[in-house]
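**Student:** build the 3D model from these lines:
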Amino acid sequence: MKLAFPETADAQKAVIGAPLETSARSHLEDMFDQMLVADDPQAQVQFAEGALSLLYQEKNPHLWACLRAIQSAALMRANSDKLTEPLLRRIVEGYVAALAVFDPVATPELWRETQRNLAASHYAAIANNIGNRRTHVEAAMKAELLGS
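**Tutor:** Below is the predicted model of the structure:
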């Protein structure tokens, strides 16, 4: 999958938030491509964070939301055996941010996948004795129902 960017400065400003220098555009395209093929979840987190630093949420909400969801999923895979409360909070915040953009009607697959990942995050919190068990059970069940 190749990330395509508009060629004109005005079009780039509309998508990214500002016209990108050729090197910045190339850098963002490279980060996205590397993130998609990286086997290492930590590398995916780094690529997602780098790409997010170049984007404005308001200008390209769908790409921003996809990157937030990818970042959260990669954080979960990289740290599933050493999950902490601050890390879990960061993962859940990423999924919730993505769900603020995704829509069950307009983007049903992304919506369901993100809901299922959010549920899995809450189940991981339960398994790792993080936070309030009842709160995580309720949140996991709600996200799982929305994701089915």
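
**Student:** my read: Trp99 touches Leu110, true?
**Tutor:** Just so we're on the same page, residue 99 is Leu rather than Trp. No: using CB atoms under 8 Å, Leu99 is not in contact with Leu110, being 9.1 Å away. Placement of C-beta: from N, CA and C, glycine included.

**Student:** now the common contact residues for these two.
**Tutor:** Shared contacts of Leu99 and Leu110, defined by CB atoms under 8 Å, 6 or more residues apart in numbering, are found at Ala65.

**Student:** measure the nearest residue to Leu99 once chain neighbours are set aside to Val96 for me?
**Tutor:** Distances taken as CB to CB, 6 or more residues apart in numbering put Thr114 closest to Leu99, at 5.5 Å, once the chain neighbours are dropped. Using CB to CB, to the nearest Å, Thr114 is found at 9 Å from Val96.

**Student:** those two: who's more crowded?
**Tutor:** Neighbours were counted for Thr114 and for Val96 using other CB atoms under 10 Å; Thr114 has more, 28 against 14.

**Student:** am I right that that one is in contact with Gln71?
**Tutor:** No: using CB under 8 Å, Thr114 is not in contact with Gln71; the gap is 11.9 Å.
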